[in-house]
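**Student:** this is the structure alone, sequence omitted:
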Ligand code: HEC
(Lines give C-alpha, C1' and ligand atoms only; values in the text may rest on other atoms or scores of the structure.)
Protein backbone atom coordinates (compact mmCIF):
# COMPACT_ATOMS: atom_id res chain seq x y z
CA UNK A 1 0.00 0.00 0.00
CA UNK A 2 1.74 3.02 -1.07
CA UNK A 3 0.04 5.99 0.26
CA UNK A 4 0.96 9.05 -1.56
CA UNK A 5 0.39 12.15 0.29
CA UNK A 6 -0.15 14.92 -2.13
CA UNK A 7 1.54 17.97 -0.93
CA UNK A 8 -1.22 20.44 -0.79
CA UNK A 9 0.38 23.82 -0.84
CA UNK A 10 -1.36 26.35 1.23
CA UNK A 11 -2.27 28.88 -1.33
CA UNK A 12 -1.17 32.24 -0.20
CA UNK A 13 -3.61 34.59 -1.77
CA UNK A 14 -3.10 37.14 0.92
CA UNK A 15 -0.32 38.90 -0.91
CA UNK A 16 -2.47 39.56 -3.94
CA UNK A 17 -5.28 40.79 -1.77
CA UNK A 18 -2.97 43.20 -0.04
CA UNK A 19 -1.77 44.66 -3.31
CA UNK A 20 -5.33 45.26 -4.43
CA UNK A 21 -6.03 47.14 -1.27
CA UNK A 22 -3.78 50.03 -2.09
CA UNK A 23 -6.39 51.87 -3.98
CA UNK A 24 -7.59 55.37 -3.96
CA UNK A 25 -4.90 57.30 -2.24
CA UNK A 26 -6.18 60.22 -4.24
CA UNK A 27 -9.69 61.00 -3.18
CA UNK A 28 -11.65 63.21 -5.48
CA UNK A 29 -11.70 66.66 -4.00
CA UNK A 30 -15.06 68.29 -4.27
CA UNK A 31 -15.57 71.99 -4.57
CA UNK A 32 -17.39 73.21 -1.55
CA UNK A 33 -18.49 76.42 -0.02
CA UNK A 34 -16.49 77.13 3.05
CA UNK A 35 -13.74 79.18 4.57
CA UNK A 36 -11.31 80.64 2.02
CA UNK A 37 -8.47 78.27 2.77
CA UNK A 38 -10.51 75.32 1.56
CA UNK A 39 -10.91 76.75 -1.93
CA UNK A 40 -9.79 74.12 -4.41
CA UNK A 41 -9.01 74.42 -8.08
CA UNK A 42 -12.07 74.16 -10.26
CA UNK A 43 -12.10 70.66 -11.75
CA UNK A 44 -11.70 70.47 -15.49
CA UNK A 45 -11.10 67.89 -18.21
CA UNK A 46 -8.26 70.07 -19.50
CA UNK A 47 -4.85 68.44 -18.99
CA UNK A 48 -3.63 71.54 -17.23
CA UNK A 49 -5.98 70.90 -14.35
CA UNK A 50 -4.06 67.90 -13.08
CA UNK A 51 -0.77 69.71 -13.62
CA UNK A 52 -2.01 72.74 -11.74
CA UNK A 53 -3.15 70.47 -8.91
CA UNK A 54 0.44 69.30 -8.68
CA UNK A 55 2.21 72.60 -9.25
CA UNK A 56 -0.06 75.29 -7.86
CA UNK A 57 -1.60 74.04 -4.65
CA UNK A 58 1.32 73.46 -2.34
CA UNK A 59 1.71 77.07 -1.16
CA UNK A 60 -1.71 78.63 -1.29
CA UNK A 61 -5.31 77.74 -2.00
CA UNK A 62 -7.10 78.37 -5.28
CA UNK A 63 -8.62 81.46 -3.74
CA UNK A 64 -5.69 83.35 -5.27
CA UNK A 65 -6.78 82.23 -8.71
CA UNK A 66 -10.40 83.12 -8.06
CA UNK A 67 -9.53 86.70 -7.23
CA UNK A 68 -7.77 87.43 -10.47
CA UNK A 69 -9.62 89.60 -12.99
CA UNK A 70 -12.04 87.50 -15.05
CA UNK A 71 -10.83 89.43 -18.06
CA UNK A 72 -7.20 88.42 -17.51
CA UNK A 73 -5.83 87.25 -20.84
CA UNK A 74 -3.57 84.30 -21.55
CA UNK A 75 -0.50 86.53 -21.36
CA UNK A 76 -1.40 87.55 -17.84
CA UNK A 77 -1.64 83.95 -16.66
CA UNK A 78 1.52 83.07 -18.48
CA UNK A 79 3.33 85.83 -16.62
CA UNK A 80 1.73 84.70 -13.36
CA UNK A 81 2.86 81.11 -13.71
CA UNK A 82 6.38 82.24 -14.61
CA UNK A 83 6.41 84.60 -11.65
CA UNK A 84 5.43 81.78 -9.30
CA UNK A 85 8.39 79.82 -10.53
CA UNK A 86 11.05 82.53 -10.67
CA UNK A 87 10.04 84.51 -7.61
CA UNK A 88 8.66 81.86 -5.29
CA UNK A 89 10.52 78.84 -6.64
CA UNK A 90 7.32 76.97 -7.39
CA UNK A 91 8.14 73.48 -8.64
CA UNK A 92 6.72 73.87 -12.12
CA UNK A 93 8.11 71.96 -15.06
CA UNK A 94 8.58 74.30 -18.02
CA UNK A 95 6.99 71.67 -20.25
CA UNK A 96 3.82 71.81 -18.15
CA UNK A 97 3.46 75.57 -18.30
CA UNK A 98 1.46 75.91 -21.53
CA UNK A 99 -1.12 73.40 -20.31
CA UNK A 100 -1.38 75.09 -16.92
CA UNK A 101 -1.75 78.51 -18.51
CA UNK A 102 -4.38 77.11 -20.85
CA UNK A 103 -6.36 75.69 -17.95
CA UNK A 104 -6.10 78.91 -15.93
CA UNK A 105 -7.11 81.17 -18.80
CA UNK A 106 -10.08 78.98 -19.67
CA UNK A 107 -11.13 78.52 -16.06
CA UNK A 108 -10.39 81.81 -14.34
CA UNK A 109 -9.49 84.23 -17.10
CA UNK A 110 -10.61 85.80 -20.34
CA UNK A 111 -11.39 82.52 -22.09
CA UNK A 112 -13.68 81.07 -19.49
CA UNK A 113 -17.21 80.19 -20.54
CA UNK A 114 -19.45 83.19 -20.21
C1 LIG B 1 6.38 77.90 -3.93
C2 LIG B 1 5.11 78.42 -3.49
C3 LIG B 1 4.08 78.74 -4.56
C4 LIG B 1 3.61 77.92 -5.55
C5 LIG B 1 3.95 76.48 -5.80
C6 LIG B 1 2.67 78.71 -6.30
N7 LIG B 1 2.55 79.95 -5.75
FE8 LIG B 1 1.21 81.39 -6.30
N9 LIG B 1 1.85 82.56 -4.80
C10 LIG B 1 2.86 82.27 -3.90
C11 LIG B 1 3.00 83.36 -2.96
C12 LIG B 1 3.99 83.40 -1.81
C13 LIG B 1 2.04 84.31 -3.32
C14 LIG B 1 1.74 85.62 -2.64
C15 LIG B 1 2.44 86.73 -3.36
C16 LIG B 1 2.15 88.05 -2.77
O17 LIG B 1 1.54 88.12 -1.72
O18 LIG B 1 2.53 89.02 -3.42
C19 LIG B 1 1.33 83.79 -4.47
C20 LIG B 1 0.30 84.45 -5.12
C21 LIG B 1 -0.40 83.97 -6.19
C22 LIG B 1 -1.50 84.65 -6.84
C23 LIG B 1 -2.12 85.96 -6.40
C24 LIG B 1 -1.73 87.09 -7.26
C25 LIG B 1 -0.42 87.68 -6.93
O26 LIG B 1 0.16 88.29 -7.84
O27 LIG B 1 0.05 87.59 -5.79
C28 LIG B 1 -1.89 83.86 -7.88
C29 LIG B 1 -2.99 84.13 -8.89
C30 LIG B 1 -1.05 82.69 -7.86
N31 LIG B 1 -0.17 82.77 -6.83
C32 LIG B 1 -1.15 81.66 -8.77
C33 LIG B 1 -0.35 80.53 -8.75
C34 LIG B 1 -0.38 79.52 -9.78
C35 LIG B 1 -1.27 79.56 -10.99
C36 LIG B 1 0.51 78.57 -9.41
C37 LIG B 1 0.91 77.32 -10.20
C38 LIG B 1 1.40 77.58 -11.52
C39 LIG B 1 1.11 78.98 -8.15
N40 LIG B 1 0.57 80.19 -7.80
C41 LIG B 1 2.03 78.24 -7.43
C42 LIG B 1 3.58 81.10 -3.86
C43 LIG B 1 3.40 80.01 -4.69
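**Tutor:** Yep, that arrived. Everything quoted here is computed from the prediction, not taken from an experiment.

**Student:** and the lengthiest helix in the chain with the ligand, contact?
**Tutor:** Longest helix of the chain, by residue count under DSSP state H: helix 74-88. Yes - judged by C-beta under 6 Å from any ligand atom, helix 74-88 comes into contact with the ligand through 80-81, 84, 88. In this view, the C-beta of every residue, glycine as well, is placed from N, C-alpha and C.

**Student:** and for stretch 59-70?
**Tutor:** Yes - Stretch 59-70 is in contact with the ligand by C-beta under 6 Å from any ligand atom, via 59-60, 64-65, 68.

**Student:** around the ligand, pick out the residues from the protein.
**Tutor:** Counting by C-beta under 6 Å from any ligand atom, the chain sits next to the ligand at 52, 55-56, 58-60, 64-65, 68, 80-81, 84, 88-90, 92, 100, 104.

**Student:** circling back to that earlier point, from the residues of stretch 59-70 next to the ligand, which is closest to residue 45?
**Tutor:** Taking C-beta to C-beta as the measure, residue 45 lies nearest residue 65 of those, at 17.5 Å.

**Student:** per-residue pLDDT of the closest one, please?
**Tutor:** At residue 65, the predicted lDDT confidence score is 96.

**Student:** check contacts around residue 65.
**Tutor:** Listed by C-beta atoms under 8 Å, 6 or more residues apart in numbering, the contact set of residue 65 reads 41, 56, 104, 107-108.

**Student:** filter the residues of helix 74-88 next to the ligand to the buried ones?
**Tutor:** Buried by 16 or more other C-beta atoms under 10 Å: 80-81, 84, out of the residues of helix 74-88 next to the ligand.

**Student:** having no further points to raise, I will conclude here.
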